[in-house]
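Colleague: test case, fold it:
(one chain, ligands or ions: 1)
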Amino acid sequence: MKVGFIGLGNMGAAMAQNLLSAGHELVVYNRTIGRAEGLRKNGAAVAESPAGVARAVDVLITMLADDQAVQEVIFGDDAGGGALDALRKGAVHVSMSTISVELSGRLNAVHELAGQRYVAAPVFGRPEAAQTAGLWIVAAGHLESVELCRPLFEKMGRGLSVLGDNPESANAVKVTGNFMIAALLETLGEAFALIRKRGIDTGEFLNIVNALFRSPVYETYGKIIAEQRYEPAGFRAKLGLKDVRLTLAAADKSEVPMPLGSLVHDRLLSAIGHGRGDMDWSVIAALSAEDAGV
Ligand code: NAP
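Modeller: Residues are numbered from 1 along each chain as shown. Take a look at the predicted model:
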């Protein structure tokens with residue numbers, strides 16, 4: 001099975017490397033072509049366009065920043081040149097980026113019309129988890145294709161949840177999960193502001209937090225916030241805001257009020273407004289600290 005991989009950012013480069021290390025024949029593309037050099041040295045073929053990858057493969061994986069990036073790569077511009085036109089009938093597009101529920105539904109429709117298959121398979125886990133194949137993958141869509149891709153998922157992640165044949169379900173779960181992490185960041189930020197203001201040992205407080213709430217998410221973000229180490233970003237605040245917007249859009253469409261979602265939306269917007277958009281999204285904790293004068 002020949003595999004294509006488009007989008008070699010913080011997450012994609014590591015995921016593609018895991019597929020390559022597992023012995024898969026890989027063709028890759030990245031808009032900033034220099035980011036493909038490491039994979040080229042390790043044996044991947046590097047294409048010069050999304051179409052160049054798509055026409056060569058049975059399974060095309062995309063791991064791109066946002067809706068706009070996915071649309072540019074899949075649909076190309078007015079002159080064409082997107083992956084959609086180049087992908088052969090029966091080939092599978094596995095969309096692993098965090099994108100809107102709406103775009104995922106549209107991709108499903110256009111691939112079906114073109115005689116291709118579509119699977120949404122967004123992931124939970126930061127770049128460190130991508131490097132160690134520790135992602136949790138949430139897949140939905142054409143079920144035979146999900147099974148076809150299972151060996152690929154197993155090389156990139158530690159777990160796979162399959163949510164049925166409607167790909168939108170996977171994207172809805174992904175943005176809901178990220179909303180929960182954003183809410184957790186706000187909770188930790190406010191809590192650590194109070195602890196610091198009272199002069200209490202933050203390391204000891206973190207031990208208590210982990211004893212009470214132990215999970216990879218609390219552990220990872222608790223440490224970052226206790227140490228106030230928001231750079232380098234594992235997940236940029238700008239992308240975090242994008243995800244909360246996607247949650248609120250899905251909630252809006254389903255008529256589900258999410259007041260906490262609106263609050264973390266404004267926190268992320270404020271962090272970005274203060275020039276912190278490329279810091280880790282946990283930087284919203286710094287806003288709570290500043291509000292408290294610590
Ligand atoms: P990233 O490091 O910012 O990489 C983004 C990728 O998208 C790069 O390959 C970038 O190419 C490409 N790209 C952006 N705009 C483009 C455009 N208009 N046309 C073509 N390519 C474009 O982001 P990341 O952290 O790897 O995240 C990738 C996806 O995974 C996002 O949807 C994110 O929400 C999701 N995710 C991230 C994490 C995390 O912790 N980082 C965890 C789970 C899910 P260039 O190199 O040319 O800029």
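
Colleague: quick one, what contacts the closest residue to the ligand within the stretch 101-250 of the chain?
Modeller: Of all residues in the stretch 101-250 of the chain, residue 235 sits closest to the ligand, at 3.4 Å by C-beta to the nearest ligand atom. Heads up, the C-betas are built off the backbone N, CA and C, glycines and all. Residues near residue 235 by C-beta atoms under 8 Å, 6 or more residues apart in numbering: 10, 126, 280, 281.

Colleague: what is the nearest of these to residue 52?
Modeller: Distances from residue 52 to the contacts of residue 235, taken as C-beta to C-beta, are shortest for residue 10 (23.2 Å).

Colleague: does the closest one sit in a helix, a strand or a coil?
Modeller: The three-state label given to residue 10 by DSSP: H, G, I helix; E, B strand; the rest coil is coil.

Colleague: what's it sitting at in phi/psi?
Modeller: phi -50, psi -40 (degrees, to the nearest 10).

Colleague: who touches it in this structure?
Modeller: Going by C-beta under 8 Å, 6+ apart, residue 10 touches 127, 130, 234, 235.

Colleague: determine which two of those are furthest apart.
Modeller: Across these (C-beta to C-beta), the longest gap, 11.0 Å, separates 130 and 235.

Colleague: which secondary structure state is assigned to residue 255?
Modeller: coil.

Colleague: what about it, how many residues close to it?
Modeller: Neighbour count for residue 255, taken as other C-beta atoms under 10 Å: 6.

Colleague: wait, what's in contact with the one residue in the stretch 1-150 of the chain that gets nearest to the ligand?
Modeller: Taking C-beta to the nearest ligand atom as the measure, the stretch 1-150 of the chain has residue 9 as its residue closest to the ligand, at 1.9 Å. If you count contacts by C-beta under 8 Å, 6+ apart, residue 9 has them with 30, 35, 63, 64, 65.

Colleague: find the nearest non-adjacent residue to the second one, please.
Modeller: Put plainly, it is residue 35. Spatially, and ignoring its direct neighbours in sequence, residue 35 is nearest to residue 8 (4.7 Å; C-beta to C-beta, 6 or more residues apart in numbering).

Colleague: the one you found against residue 36, yeah?
Modeller: Yes - using C-beta atoms under 8 Å, residue 8 makes contact with residue 36 at a distance of 5.7 Å.

Colleague: which one of those two has more residues nearby?
Modeller: For residue 8 versus residue 36, the count of surrounding residues by other C-beta under 10 Å is larger for residue 8: 28 against 21.

Colleague: state the pLDDT value of that one.
Modeller: According to the prediction, residue 8 has pLDDT 98.

Colleague: so who does it touch?
Modeller: Residues near residue 8 by C-beta under 8 Å, 6+ apart: 16, 28, 30, 35, 36, 39, 63.

Colleague: what of residue 268?
Modeller: Residues near residue 268 by C-beta under 8 Å, 6+ apart: 182, 237, 240, 241, 244, 281, 284.

Colleague: check what pLDDT it gets.
Modeller: pLDDT at residue 268 comes out at 98.

Colleague: what does the one 10 residues further on give?
Modeller: In this model, residue 278 is scored at 98, pLDDT.

Colleague: how would you label it: helix, strand or coil?
Modeller: Assigned state for residue 278: coil (three-state reduction, three-state DSSP).
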